[in-house]
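Peer 1: A predicted structure for the sequence below; I have some questions about it.
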Amino acid sequence: MRPLLAGLFAALALPAAALEAPRDYAGRWTLSGVSEGDEVCTLTLTDQGAIGGWGIAIPRDCFDRLGLSEDIAAWTLTPGGAISFIDPLRKEKLRFEPTAIGGYVAEPDAGPPLALDRAGQGDVELTDQQRMTGRWTFTGLGGAPTCTVVLTAAPDGLSGALRRTDACRPPWSGIAITRWRRYDDRIIFLDRLSQRVAALSGNPVEGFSGNARGALVGFSRQPDGQ
C-alpha cells in the first residue's frame, strides 16, 4: 500500500510542481484574530511543492487555539491574489483576501475573522548554531506531529546530535536516528551507524519538508517556550 499512496500523493502534487513556486510568500507568518488581545500563533509557508499547492507548517497549538481545520495540508494563490489554505483533496478551507492596509483577512464559515500577516524578523540575528539547537517536530499530512526531538548543533550549525523526547509514530517509529547534517538546502538524518535514514529540503528558518519512507513529512523548530 505504501508505494501506491506515495504515487497518489505525487500525482496530486503535479499541478503545483508545474507552476513556478511563489518564493516571495515563503517564510514565517502570524495568524491571529483581528482584535487586540486575540490569540496569535506563527506558521510557515514554504515554496516546496505539496498536494495541490505548496507546503505549510502549522504548529499544533494553532489548530487548538484558533479553531483551524486539521485537514489543512497546503496553501496556494488564487487568480485574485488571495492566499488559500486547502485540504488533501484541494478543497478550500480558508481564503485570506488582501487588505488595503496590508496583510490578509479570512472570514471562516464558523467563528470570528482571522488575520494573516508577515512575521517580524526581530532585532537579533541568530547564528546557525542557535537556529538549529532546540526542540523540533516532525509533522505528517495536515501538520499533525509525529515525533518531537531535541537537536544540538556544532558551532557552524551544520551537524549535531538528535535526541527523541517521546514515542514516535510512523514513518519514524522503529528508526534509531541519532545524528543530523546539513548540506546547502538539505538536512540529512543518520542512524547509529552513520547510515542515511532520510533527507529533507528547506532551511532552519522556514523548516524542512520532503518524502521519508513513502510519506510526505515536515520538520520545523518549535517556538521558544513550547
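Peer 2: Here it is on my side, so go on. Numbers count the residues shown, from 1 in each chain.

Peer 1: ok, the residue nearest in space to the middle of the chain - contacts?
Peer 2: Nearest residue to the geometric centre of the chain (C-alpha atoms, centre = their mean): Ala57, 2.2 Å. Counting by C-beta atoms under 8 Å, 6 or more residues apart in numbering, Ala57 touches Leu43, Thr44, Thr46, Thr139, Gly143, Glu206, Gly207, Ser209, Gly218, Ser220. The C-beta positions use only the backbone N, C-alpha and C, and glycine is treated the same way.

Peer 1: how near is it to Arg135?
Peer 2: To Arg135, Ala57 is 14 Å away according to C-beta to C-beta, to the nearest Å.

Peer 1: and what of Pro22?
Peer 2: 29 Å.

Peer 1: likewise Ala110?
Peer 2: 32 Å.

Peer 1: For the residue sitting furthest away from the middle of the chain, what are phi and psi?
Peer 2: Going by C-alpha atoms, centre = their mean, the residue of the chain most distant from its centre is Leu193, 28.6 Å out. Torsion angles at Leu193 (phi, psi; degrees, to the nearest 10) stand at phi -100, psi 10.

Peer 1: Please pull out the lowest mean pLDDT helix or strand from this structure.
Peer 2: helix 2-17 (a mean of 39; mean pLDDT, DSSP states H and E).

Peer 1: Show me what the next helix or strand after that helix packs onto, helices and strands only.
Peer 2: Sequence-wise, the next helix or strand downstream of helix 2-17 (DSSP states H and E) is strand 27-33. The contact analysis (3 or more C-beta pairs under 8 Å, 6 or more residues apart in numbering; DSSP states H and E) places strand 27-33 against strand 40-50, helix 60-66, strand 114-118.

Peer 1: any idea of the mean pLDDT in strand 27-33?
Peer 2: Computed over strand 27-33, the mean pLDDT rounds to 88.

Peer 1: Please apply the same query to stretch 67-83.
Peer 2: 90.

Peer 1: Compare Ala110 and Arg135 (neighbour count), which wins?
Peer 2: Taking neighbours as other C-beta atoms under 10 Å, Ala110 and Arg135 compare with Arg135 leading, 15 against 5.

Peer 1: in the host helix or strand of that one, what counts as buried?
Peer 2: Using DSSP H and E, Arg135 maps to strand 134-139. Residues Gly134, Trp136, Thr137, Phe138, Thr139 are the ones in strand 134-139 that count as buried (16 or more other C-beta atoms under 10 Å).

Peer 1: Sheet partners, orientation included, of that strand?
Peer 2: Here strand 134-139 has these sheet partners by DSSP bridges: strand 145-153 (antiparallel), strand 215-221 (antiparallel).

Peer 1: Show residues contacting it.
Peer 2: Residues contacting strand 134-139 (C-beta under 8 Å, 6+ apart): 57, 59-60, 145-151, 165, 168, 172, 217-222, 224, 226.

Peer 1: Extract the C-alpha set from it and format it as CSV.
Peer 2: Taking C-alpha atoms only, strand 134-139 is exported to CSV below (Å, rounded to 0.1, in the frame of the first residue of the first chain):
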residue,chain,number,x,y,z
GLY,A,134,16.4,23.3,20.4
ARG,A,135,13.2,21.3,20.1
TRP,A,136,12.0,20.3,16.6
THR,A,137,8.9,18.5,15.5
PHE,A,138,8.3,16.0,12.6
THR,A,139,4.8,16.5,11.1
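
Peer 1: Many thanks, we can stop here.
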